[in-house]
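Visitor: Sharing a model prediction with you, sequence too.
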Amino acid sequence: MGIVYDNAICVRVCTASEEMAARLIGMLRRWARAECVVLSAERTEAVSFGDSGGFRLLILDMDSVEPKGELPARHTDTGLILISGDAGRAIRSYRWHPSAFLKPDFDQNRIADAMNACERHLQCGRLSLESPSKRWTFRLPLGRIRYVEAAKHYCLFNQGKTSIRLRYSVDEMEKLLPGPPFIRCHRSYIVHLGFVTGMTYTAVTLRGGVSIPLGRTYVQSVRTALQAWQRGEYPYDDFIIGL
């Protein structure tokens with residue numbers, strides 16, 4: 001019972017640019033924390049197709065690295081994200097059926113879109129909440145939880161349009177859920193910082209205009225956490241160590 005996952009997602013960033021590698025890996029880690037995905041990422045300047053080396057995702061900077069060998073027409077075992085500022089090279093690369101394509105001026109939102117396009121390659125690394133029920137097996141990915149609401153002896157886990165009720169207490173969930181991205185904002189509520197768009201002294205606003213009560217004793221901790229989250233100041237390593 002509790003938080004579970006299968007294996008960390010291994011990502012290989014193939015580029016000759018140290019600046020691009022640092023920027024890309026930093027954004028990948030920020031995305032992973034928001035989506036509650038356990039991943040490891042490393043940079044290489046050479047890639048040889050045909051041997052995935054255990055990596056679930058390959059990000060290839062086509063403007064600085066020339067792959068050895070021919071990329072298989074369909075990369076089924078390893079997800080592929082291509083980066084290039086050359087329109088002709090980009091068009092030719094689609095014969096490889098990449099999951100996503102990025103221009104060199106990518107930002108955090110573009111990285112999130114590209115990673116979400118590789119969804120099937122990332123499932124094993126997603127942190128999930130395992131159902132305590134003995135009658136059936138159920139896993140709820142943490143990255144889909146917008147907020148948790150107390151409901152007597154249960155908790156409601158809101159995912160936007162739907163909510164799931166599981167037999168946990170809010171106090172139990174505060175200890176189980178990784179923070180950040182999750183933070184207690186009220187005696188009956190926990191929110192995911194990635195969905196927060198604003199706050200007042202009495203409420204936290206989520207995407208879609210949903211308003212969550214903000215307890216007086218939580219105002220300062222939520223404000224501090226939200227500001228740090230928006231600046232991207234949370235390290236990723238402590239997220240893994242805390243599991």
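Guide: Yes, it's here. Predicted, not measured: the structure shown is a model, and the values here were computed from it.
Visitor: Show me how the chain divides into domains.
Guide: 7-125, 128-241 (automatic domain parsing).
Visitor: ok, of those, where does mean pLDDT dip lowest?
Guide: Mean pLDDT is lowest for domain 7-125 out of the domains of the chain, coming in at a mean of 84.
Visitor: Adding mean neighbour count, write the domains of the chain out as JSON lines.
Guide: C-beta: built from backbone N, CA, C; applies to glycine. Shown next, in JSON lines, are the domains of the chain (neighbours: other CB atoms under 10 Å):
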{"stretch": "domain 7-125", "mean neighbour count": "17"}
{"stretch": "domain 128-241", "mean neighbour count": "16"}
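Visitor: Who are the contact partners of the closest residue to Gly143 other than its chain neighbours?
Guide: Spatial nearest neighbour of Gly143, excluding adjacent residues (CB to CB, 6 or more residues apart in numbering): Glu35 at 3.9 Å. Glu35 is in contact with 115, 126, 143, counting by CB atoms under 8 Å, 6 or more residues apart in numbering.
Visitor: The longest helix along the chain: how far from the chain's middle?
Guide: Assignment by DSSP state H gives helix 18-35 as the longest helix of the chain. Distance, stretch centre to chain centre, for helix 18-35: 11 Å (CA atoms, centre = their mean, to the nearest Å).
Visitor: ok, then the element right after that helix?
Guide: Once helix 18-35 ends, the next helix or strand along the chain (criterion: DSSP states H and E) is strand 39-44.
Visitor: Residues in contact with the helix or strand just after that following strand: which ones?
Guide: For strand 39-44, the following helix or strand on the C-terminal side (DSSP H and E) is strand 57-61. Outside of strand 57-61, the residues within contact range by CB under 8 Å, 6+ apart are 9-17, 20, 24, 47, 52, 67, 75, 78-84, 104, 118, 121-122.
Visitor: Return the subset of those residues lying in helices.
Guide: Per DSSP H, the contacts of strand 57-61 map to helices at 20, 24, 121-122.
Visitor: out of the residues you listed, which one sits closest to Tyr154?
Guide: Leu122 (29.3 Å; CB to CB).
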